[in-house]
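# Please work out how this folds:
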Amino acid sequence: MSEPTFVYRHAVDPSRGLAATGVLVIKGLLALPHLIVASVLSNLASILAYIGYFVVAFTGEMPTGIFRLMEISFKWNARTYGWLIGYTDDYPPFETDPQYPVDVKLERPINPSKGWAVAGIFFIKVIALLPHLIALAFVGLAAVLATWFGYWAVLFTGRLPVGIQDFVAGTGQWYLRAYAFLFGITDEYPKFSLEATPSA
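Got it, this is the predicted structure:
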């Protein structure tokens, strides 16, 4: 299984108007329909991931339907937060669009570990991920602040600093690795890293 990847491109000539809506927190209200759908999908994906543990524990295979819904959830979150961050000024579509500049790449697991599935059933996976979840609580807060400062930078300079973009993308990549492991999409324990590489 290859590592799940957060796909983004550096913002080019971001809109000062949208940055102003970000400074005033209006951008979050504009994203509200997507945030609601993303939240519902994330909760549903969590439930299906738990059901998936039992299926994998008994059959050694993750059902395509469960993986597909998790993939949709990850992609919807990426599009929504990618727009909020400012990687693109194009409002996220309510469907998968291969041309949209923010995405995630996931592969359906082949021969997933029955051992990790059993560990998921008994919440051992969550315990194993606690160091990541604690670190991500602080890193995620820093990413929110960086995004807000990025709005100010765009408002005054017309540019979103690359350092902010890469830091927030690295946070997204870290979240993706952690939750892909938790949901059983990968059996590789996530690394503690903010490394992310923009697509060409």
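# what mean pLDDT does stretch 160-171 have?
For stretch 160-171, mean pLDDT rounds to 97.
# wait, isn't Ala153 in contact with Gln165?
No - with contact defined as C-beta atoms under 8 Å, Ala153 does not count as touching Gln165 (10.5 Å). For the C-beta atoms, the positions are set from N, CA and C on the backbone; glycine is no exception.
# More neighbours: which of these two?
For the pair Ala153 and Gln165, the greater number of neighbours falls to Gln165 (23 against 17), based on other C-beta atoms under 10 Å.
# What are the boundaries of the strands in this protein?
All strands of the chain, identified by DSSP state E, fall at 5-7, 103-105.
# The first one pairs with which strands, and in what direction?
In the sheet containing strand 5-7, its partner strands are strand 103-105 (antiparallel), by DSSP bridges.
# And the contacts of the strand it pairs with?
Outside strand 103-105, the residues within contact range by C-beta atoms under 8 Å, 6 or more residues apart in numbering are Pro4, Thr5, Phe6, Val7, Glu71, Phe74, Lys75, Ala78, Arg79, Leu176.
# contacting residues around the residue nearest to Val118 when sequence neighbours are not counted?
For Val118, ignoring the flanking residues on the chain, the nearest one in space by C-beta to C-beta, 6 or more residues apart in numbering is Ala57 at 5.2 Å. Residues in contact with Ala57 (C-beta under 8 Å, 6+ apart) are Lys114, Ala117, Val118, Ile121.
# out of the residues you listed, who has the most neighbours?
Within the contacts of Ala57, neighbour counts (other C-beta under 10 Å) peak at Ala117, which reaches 22 neighbours.
# any idea how far Leu30 is from Glu95?
The gap separating Leu30 from Glu95 is 18 Å, by C-beta to C-beta, to the nearest Å.
# Pick out whichever of the two has more residues nearby.
Comparing Leu30 with Glu95 by other C-beta under 10 Å, the one with more neighbours is Leu30, at 15 against 10.
# Longest helix in the chain, please.
helix 124-157 (DSSP state H).
# next one: it to chain centre, how far?
Relative to its parent chain, helix 124-157 has a centroid offset of 12 Å by C-alpha atoms, centre = their mean, to the nearest Å.
# Averaged pLDDT, that helix. What do you get?
On average, the pLDDT along helix 124-157 is 98.
# okay, and for this structure, where does confidence drop off?
Low-confidence segments of the chain (pLDDT under 70): 1.
# same thing but 50
Scanning the chain for pLDDT under 50 picks out nothing.
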